[in-house]
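Q: I need the structure of the sequence given here:
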Amino acid sequence: MVFGCHDCALVLSHRLTERIICWTFTIIKLIGKNAVEVRLTEKFSRKHPVFPVSLIKPYFQTGEDRFPSRHKTYTPQDIVVVEDSPVPLKNIINARKIRQNGKDQRQYLVRFKDQTAYKDKWLAEDAIPDGNLCLRRLRASRRAEQSNQ
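A: The predicted structure is shown next:
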């Protein structure tokens with residue numbers, strides 16, 4: 001049997017709700033008509049094992065087990081894209097300093113050819129292919145902007 005998520009929030013304390021929502025437990029015995037005793041896992045060993053029957057919901061197998069002929073749906077994290085060749089750079093748009101592991105590190109906002117601004121990435125200097133050439137162009141454009149002002 002499994003505890004129902006929406007019911008736990010109404011009846012149990014907030015601290016217990018966070019830890020016990022939708023966990024599967026084995027029912028040991030029925031206590032009267034309105035309560036059940038469950039076998040709690042080691043994680044919940046300090047909790048009282050008796051709960052009202054209104055919180056108990058039947059346990060069902062996963063959809064794949066119950067319906068083997070059903071087609072599997074893929075979520076975005078299931079799809080892995082392997083890039084064999086790096087996408088060429090269009091230009092470096094901006095620079096920033098960040099602190100990682102107690103050290104200052106400079107990162108650059110890179111735009112790739114034939115890509116939208118949505119695909120821009122912050123990369124470290126050593127991760128930029130042809131980084132020296134692109135960085136020279138960025139620095140030259142910044143110097144030109146400063147001299148025009």
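
Q: quick one: the strands in the chain?
A: Here the chain has its strands, by DSSP state E, at 2-3, 26-31, 35-39, 50-52, 56-57, 89-100, 103-112, 121-124.

Q: Those strands: lowest mean pLDDT?
A: Lowest mean pLDDT within these: strand 2-3, at a mean of 52.

Q: can you put the strands of the chain in JSON lines and add distance to residue 136 and mean neighbour count?
A: Where you see a C-beta, it was placed from the backbone N, CA and C, and this is true even at glycine. Formatted as JSON lines, those follow (distance: least, C-beta to C-beta, whole Å; neighbours: other C-beta atoms under 10 Å):
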{"stretch": "strand 2-3", "distance to residue 136": "62", "mean neighbour count": "17"}
{"stretch": "strand 26-31", "distance to residue 136": "68", "mean neighbour count": "12"}
{"stretch": "strand 35-39", "distance to residue 136": "68", "mean neighbour count": "16"}
{"stretch": "strand 50-52", "distance to residue 136": "68", "mean neighbour count": "16"}
{"stretch": "strand 56-57", "distance to residue 136": "64", "mean neighbour count": "16"}
{"stretch": "strand 89-100", "distance to residue 136": "10", "mean neighbour count": "13"}
{"stretch": "strand 103-112", "distance to residue 136": "12", "mean neighbour count": "15"}
{"stretch": "strand 121-124", "distance to residue 136": "16", "mean neighbour count": "14"}
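
Q: Make JSON lines out of these and add distance to residue 144.
A: Below are the strands of the chain laid out as JSON lines (distance: least, C-beta to C-beta, whole Å):
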{"stretch": "strand 2-3", "distance to residue 144": "65"}
{"stretch": "strand 26-31", "distance to residue 144": "73"}
{"stretch": "strand 35-39", "distance to residue 144": "72"}
{"stretch": "strand 50-52", "distance to residue 144": "71"}
{"stretch": "strand 56-57", "distance to residue 144": "67"}
{"stretch": "strand 89-100", "distance to residue 144": "14"}
{"stretch": "strand 103-112", "distance to residue 144": "18"}
{"stretch": "strand 121-124", "distance to residue 144": "24"}
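
Q: Out of those, the one nearest residue 141 is which?
A: strand 89-100 (8.9 Å; C-beta to C-beta).
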